[in-house]
Structure formats: structure tokens, C-alpha cells
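[1] The following block contains a protein sequence and its predicted model.
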2 protein chains.
Amino acid sequence: MKYLAIADAEAFISKALQSQKVPAADAGTIANLMVQSDLVGADGHGIFRLPAYLKRIQAGGVNLKPNIHIEREQGATALINGDNALGHLVMDKAVQLAIEKVKQHSVCWIGSHYGNHSGAASVYVRKIAEQGYIGIYMAVGNANHMAPWGGIDLLLSTNPIAIAVPAGDGPMVLLDIATTVAAYGKVKVAAQKGETIPDDWMIDRQGKPITDPKKSAEGSLLPIGGYKGYGLAVMIGLLAGALNNAAVGKGTIDFNAHHDLLTNTGQTIIAVDPSAFGDQEAFIGRVIALVEDLKNSATLPGVKAVRVPGEGSAKTMAERNRMGIPVSPELLNALNTCAQECGITALDL
Amino acid sequence: MKYLAIADAEAFISKALQSQKVPAADAGTIANLMVQSDLVGADGHGIFRLPAYLKRIQAGGVNLKPNIHIEREQGATALINGDNALGHLVMDKAVQLAIEKVKQHSVCWIGSHYGNHSGAASVYVRKIAEQGYIGIYMAVGNANHMAPWGGIDLLLSTNPIAIAVPAGDGPMVLLDIATTVAAYGKVKVAAQKGETIPDDWMIDRQGKPITDPKKSAEGSLLPIGGYKGYGLAVMIGLLAGALNNAAVGKGTIDFNAHHDLLTNTGQTIIAVDPSAFGDQEAFIGRVIALVEDLKNSATLPGVKAVRVPGEGSAKTMAERNRMGIPVSPELLNALNTCAQECGITALDL
């Protein structure tokens, strides 16, 4: 495996975006945020997405001179209109506003619409927790690959939720999950590699498990916990989609199939100030105590150690900050095809 | 099956509580809220719990003259100290405060500690959604029946989450789930009936499925979606427990084993005003549109119709308002044993 240094990845992305007329400052912000996804090991959400983002830009599917603005602001809430900007810019603004408003109100709820795909959810809640606040993120995914429980029609996305809780000097406790057993990206990767998929990932229109990922097109991803995960996907769809007047259900645009259409992606960020509920240090102490208790649990046969949410990504982050981002031959090839199209220097790893 | 009229159930509970020196007004509030759990079909959370509540009162495990008060209030947040009151009273206060504060700030986050079991989570988010707001509830459960993912030690509870979204004249969209595949109560019911349980509910200390519920004592409930549900349980534990300086992890008291000990139950209520994000009617329209799309989905073979979260409980509510609460012979017997102990008139169904 070859490795791409973090700074080089950022520079490459930024140059590629600028070659497509993304203003330099915006390109820098996006490049930085994209690489944050790679840093924590969310490989499907970082530099891997550059070719798709460039395709969307070239198809006119995003607004390169957006007026990202606060459309409504009331009490401890706000609604951001992303003006169809590249999604990272919208979430960057949402996080900034959340940190501003949580200082003022101790909690805030920021909705956004007319956004786009913005990488791993964890990137944004991490920024909030780095400031000592609890961060929650919910989004409507950009393609419907799930049917309602008991149904066949693909009306729901994997609607992810991420939650980050600061833990002082320890790695923050951070969960970033889709409400489906597996992300659709994993199914596609298995199809590429000619592998089978576990029988609890997808069902076909008869309700039978799909294990050949090449047959996934008509199938439905399965929600976690059956009707429970279905319910969570619906509620996140309402809180991040319907509430923000963003796309959800039938209105969702498949961003892989339609590079030119407005996705009207809906996202929600909540920030909470733990110090509103008591001494911040004492809170951090309680968080660390729970983390330690979980980690010290006896393990099942064959399990080396219990993990706490966020521990794995913190390790990956430390490794990749040192080693860089692992780049497969396929990814390198895809990125250098972009380089050629954009007229920028190819990566030489 | 025999049926107990709603008003009779309330009167019975209220009298039983008053016989144990619960002040009349509090007894009335608790009785009303307990019956709300029965009304929506949460049979393990309503009148079924009366014997256990009475046992806790008799053991001195709850404070019958509590000073439920706002311990901290900052911006759009507050922390309620339940002073070890019967849990329904604490949540009643939390909901009232949430509705007050959401009017002022458009969103609010109310934590509570020193509460107790308070019935079905759905009862409280329903009250918020009935006022046109979105309600979210999270709690640390009152007994640890789940190990961390890959672990053996029972350090986590089923930590439930409930979310209610108003839907105008239609039934509100309402999800009320534990983060485990099955509630521990279901395992106990199966044990009583001598039935087996599905192999994805629990594992033993070797990681093997438990299908004989009589062997459940040492086993761990399984989280929904494996590490995902484990992660959700941890995050809810932090948001409703650690944040509120309430019990979580090792600090959790098993309320079925220790009727005299302070549970320090932690709960969190969030309310959001949809009208802060746009026209309320238009929002309701989008909620109903998603609901209709889901319900109109083609179904899998053998499935009559797709259900939307909250639809089933709305039907049950309508039925039970008319018919009353179904009471099994075992439950009737348990309630009439209480009646005898309390010196009140037995139920005659």
C-alpha cells in the first residue's frame, strides 16, 4: 500500500478544485475537511470522493459562487440555506454557527438545506467536541437504498447519525453510524472485488437475503434491529429532511445517478454545553470513568479487548497523521485521471 | 381477556398510592401517566408496574415528599433534581419545563437526575408533540442487562430513546425503542411461559446464543446492529446519565433487586419548535407526505401493509380508550394482592 501525506492530499484536492473554478479559499476549506474524513479512516468519504465531486461540478450540479446564509434564526435555532454549495462549505458554516450559538444559549439546533454530500459525519461533531461541547449530527443520505420495514419500494436512505462527547485528554467518545446494517458503498466494493456479502445486509424484492452484491440494484439494505433501525431512519429523515425543508423520501436525488440535479441535502447539527449541567471537569471525569469501565470489561472468547466508540478512529487518526493516507492502486489511478483532466500535477507515490 | 376501564385503572392506582401516603395530587398525576403507558400498548410500563412501585415505596426507596426543583438553568437548558421522587412526577415537571422553554428559545434541552422509572418513554414525547413541538427523550435504564460489544460484564442498560414528530390530524410519528434487540422484560415473560427466545436476543458468557430464557441471568442482551446499537447505548448513557450526574455503567442500581436503594435515574428531554424552521403547516404537510409514501410502498410477500412508527400505538390508543386495558388473570391477581395490602377495594372484572 502506498501512502499520501496529509499536506499533499490537501494540496492535490485544493488544486483540482481550483482548476474547476472553485475559489481558492473555498477549495482550501473543502480540501481540509475532505482529508479529515480520510484521517479518521472513513475511506469512502474523503479523497475517494474527489472524482465524483469533480463530475458534479462539471455537470453544473453545484453552485461555485454560493451565498451560504442564515435563512432563519430564532432563539437557539437557525436554518442555514446552503445555496447548493459543495456540502463541506455548508457544514463548515453550520459548525461555526453552532459553536457561536451554544456559547450563547448552552444548547442550539442548526438545520440546513440546499447542501450537498459533505463527507463523514464524524468530522463535524468532532469539531464541536474539540471545543468542549457535545455535538450531534443527522443527515438525509443522498440516495435511497432502503425500503420501509415490510416494504419493497426504496424510499429511505441510510440516514446517518453521529454523536461526539468530549473526554478531556482521552480520545473523545464518538459514534458515527448509518441506520442500515451496512453502507451501500460496502456492497459496491464487494461487487467490484467479486466477493459475496453477509446475508443480513440486503434483501431482494421477495424478502430473501441477497448474498451476491451484483444483484443489489433492486434490493433493499436492511436496517439495524429490523423495525427499530427503520424507525430511526424515518425519524432522522424527518429531523434532518422534513424539518429543514430538504429532500427526503421520494424527493431524494440519487447523487451517483444524477450529477446535474439539485440534491437539496438536509443536515442538522446540535451542540450542547456540558458546563450548563454541572462542573465540566467532573463531567469529563464521569465520561472517562464509563469509558474505563467498558474497556476493562472481561471479553468474550476470541476478543482481545473491548472498544469504546471513537477509540478506533482516534488510533487511525494518530497513525495517518504520521503515515499519511493509504492509497490503493485503483484510487491512485482514479486520482491521476482527475489530475490529467484538471491539468494539475499527478500524484507520484 | 378482561378489560379494565381507563378511569377505573386510574382510580385504582391513585387509591393504592394514596394508601401508601403518596399525596393525593401526586397520586392522581402518577396514576394518569401510568395509564398513558397502558393506553399505547406499553403493557410492561403501566399498571403492571404498580406492585413494584408499591414495593419501592414500602422499602423507603423513594421520597414521597420530594422537592422536585430546577437545580440549574442556563440559556435554553435546565437540570432538574427529582429529589428521588416517583419518576412520573419528575418527568411531568420536565415536560412542563420543556414546553415552557421551547416557546422561549425554539429548542431546549432539559436534563434530570435523582429520578426513577417513569413508564414508557413515548408518554412524554407524545405530550410535547401534542403541543406541536418535536419531542426527544433519552434515559438510562434501571438495570444493566447488556455487556459492551465483545465483552461479558453487564455494564449497560437498554437505554431507550423516543422521538415524536407532530403530524397534524394524522397520528403523530413516534418511535420508542430500546437499543437492545429485545427488552429484558420480554425475556422474563418467555421464561414465565416456558417458551424459548429467538437466538438473536441474548448471548451467554461464551458468546453463544441463549434460547432458554431461564438461563438469562448471566447472559447479555444483544444490541441492535451489533456495535452500532452498543454505541447508541453508550452515547445515550452519556447524554442522559453522565451529563446529568446520574447513574450510568457500574453506578446503575438494579431496581428489581434493590427496592430500597437510590437509583439516581437520569433522563433527558429535548423539544424543538418546527415553526422556527419554516411554516408549521408546510412542515406538517411534508411529514404527512413522507408517511403516505411509506405506507403506499409495495410490500414484501406476506406483509399486508407497511407501518409507520406511531401508527400501531395510535390504533391501540383508540381501541383502549374505548375498550379499556386488557388485564390477564396473572395481572388481575397481582393487582388484587396489592389492593388487599393497601386496604382498598379489589378490582372486580
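    In hand now; what should we look at?
[2] quick one, what contacts the spatially most central residue of chain A?
    In chain A, the residue lying closest to the centroid (C-alpha atoms, centre = their mean) is A:A120, at 2.4 Å. By C-beta atoms under 8 Å, 6 or more residues apart in numbering or on different chains, the residues touching A:A120 are A:Q36, A:S37, A:V40, A:A42, A:H45, A:G46, A:A162, A:D176. C-beta here means a position set from N, CA and C on the backbone, and glycine is covered the same way.
[3] what about it, distance to chain B?
    Distance of A:A120 to chain B, given as C-beta to the nearest C-beta, to the nearest Å: 15 Å.
[4] Could you report the pLDDT at that residue?
    Listed pLDDT for A:A120 reads 95.
[5] The one 5 residues further on too?
    Model confidence at A:V125, given as pLDDT, is 98.
[6] hmm, back to that, which one of the contacts of A:A120 is nearest B:A76?
    Relative to B:A76, the closest of those is A:A162; by C-beta to C-beta it sits at 21.7 Å.
[7] Would you agree that closest one falls within a strand?
    Yes - A:A162 forms part of a strand when assessed by DSSP: H, G, I helix; E, B strand; the rest coil.
[8] Am I right that it is in contact with A:A129?
    No - the pair A:A162 / A:A129 is not scored as a contact, 10.3 Å apart, by C-beta atoms under 8 Å.
[9] so what sits against both of those two?
    Shared contacts of A:A162 and A:A129, counting by C-beta under 8 Å, 6+ apart, come down to A:G135, A:L174.
[10] Identify the farthest-apart pair in the contacts of A:A120.
    Pairwise distances among these were taken by C-beta to C-beta; the largest, 15.3 Å, belongs to A:G46 and A:A162.
[11] A:A25: how many residues sit nearby?
    A:A25: 10 surrounding residues under other C-beta atoms under 10 Å in any protein chain shown.
[12] ditto for A:G312
    Counted with other C-beta under 10 Å, the neighbours of A:G312 add up to 15.
[13] so it touches A:G41, yeah?
    Yes - in this structure, A:G312 is within contact of A:G41 by C-beta under 8 Å, at 7.2 Å.
[14] Can you tell me which of the contacts of A:A120 is nearest A:I68?
    Closest to A:I68, out of all of those and judged by C-beta to C-beta, is A:Q36, at 19.0 Å.
[15] My guess is A:H69 contacts A:A85. True?
    No - between A:H69 and A:A85 there is no contact under C-beta under 8 Å: 10.5 Å.
[16] Counting neighbours, go ahead and name the busier of these two.
    Neighbour count, other C-beta under 10 Å: between A:H69 and A:A85, A:A85 has more, with 26 against 11.
[17] That one belongs to a helix?
    No - remark: A:A85 does not belong to a helix; assigned using three-state DSSP, it is coil.
[18] close enough to count as contact, it and A:G61?
    No - here A:A85 lies out of contact with A:G61, judged by C-beta under 8 Å, at a distance of 11.4 Å.
[19] Helix, strand, or coil at A:Y137?
    Going by three-state DSSP: A:Y137 is strand.
[20] Against A:I128, how distant is it?
    As judged by C-beta to C-beta, to the nearest Å, A:Y137 and A:I128 stand 9 Å apart.
[21] what number of residues lie near A:D212?
    A:D212 has 14 nearby residues by other C-beta under 10 Å.
[22] which residues of the stretch 1-150 of chain A fall in strands?
    A:2-4, A:69-74, A:77-81, A:107-115, A:134-139 (DSSP state E, counting those that start in this stretch).
[23] Need the residues that contact the least confident helix or strand in chain A by mean pLDDT.
    Lowest by mean pLDDT, DSSP states H and E among the helices and strands of chain A is helix A:184-193, with a mean of 84. With contact meaning C-beta under 8 Å, 6+ apart, helix A:184-193 is reached by A:G44, A:A143, A:H145, A:T158, A:T196, A:I197, A:W201, A:M202, A:P213, A:K214, A:S216, A:L221.
[24] Buried among those residues? Need that as a selection in ChimeraX.
    Buried subset of the contacts of helix A:184-193, written as a ChimeraX selection, criterion 16 or more other C-beta atoms under 10 Å in any protein chain shown:
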select /A:44,143,145,158,197,201,202,213,216,221
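[25] what two of the contacts of helix A:184-193 are the furthest from one another?
    Comparing all pairs in the contacts of helix A:184-193 by C-beta to C-beta, the longest separation belongs to A:A143 and A:T196, at 22.5 Å.
[26] that older thread, only the buried residues of the least confident helix or strand of chain A, if you could.
    Buried, per 16+ other C-beta under 10 Å, within helix A:184-193: A:Y184, A:K186, A:V187, A:A190, A:A191.
[27] Out of these, which is nearest to A:K304?
    The closest of those to A:K304 turns out to be A:K186 (C-beta to C-beta; 23.5 Å).
[28] Okay, helices next: where are they in the stretch 201-349 of chain A?
    A:227-236, A:280-295, A:311-323, A:329-342 (DSSP state H, counting those that start in this stretch).
[29] Just the closest of the contacts of helix A:184-193 to B:A271, please.
    Looking across these and measuring by C-beta to C-beta, the closest to B:A271 is A:T158, at 27.0 Å.
[30] helix, strand or coil for the closest one?
    What three-state DSSP gives for A:T158 is coil.
[31] List the buried residues of stretch A:142-151.
    So, applying 16+ other C-beta under 10 Å, buried residues of stretch A:142-151: A:N142, A:A143, A:N144, A:H145, A:M146, A:A147, A:P148, A:W149, A:G150, A:G151.
[32] Same list (these) but as a markdown table, adding pLDDT and distance to A:R286.
    Listed next are those as a markdown table, based on pLDDT from 0 to 100; distance: C-beta to C-beta, whole Å:
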| residue | pLDDT | distance to A:R286 |
| --- | --- | --- |
| A:N142 | 91 | 37 |
| A:A143 | 93 | 39 |
| A:N144 | 96 | 40 |
| A:H145 | 94 | 38 |
| A:M146 | 97 | 36 |
| A:A147 | 97 | 41 |
| A:P148 | 98 | 38 |
| A:W149 | 97 | 36 |
| A:G150 | 97 | 41 |
| A:G151 | 97 | 42 |
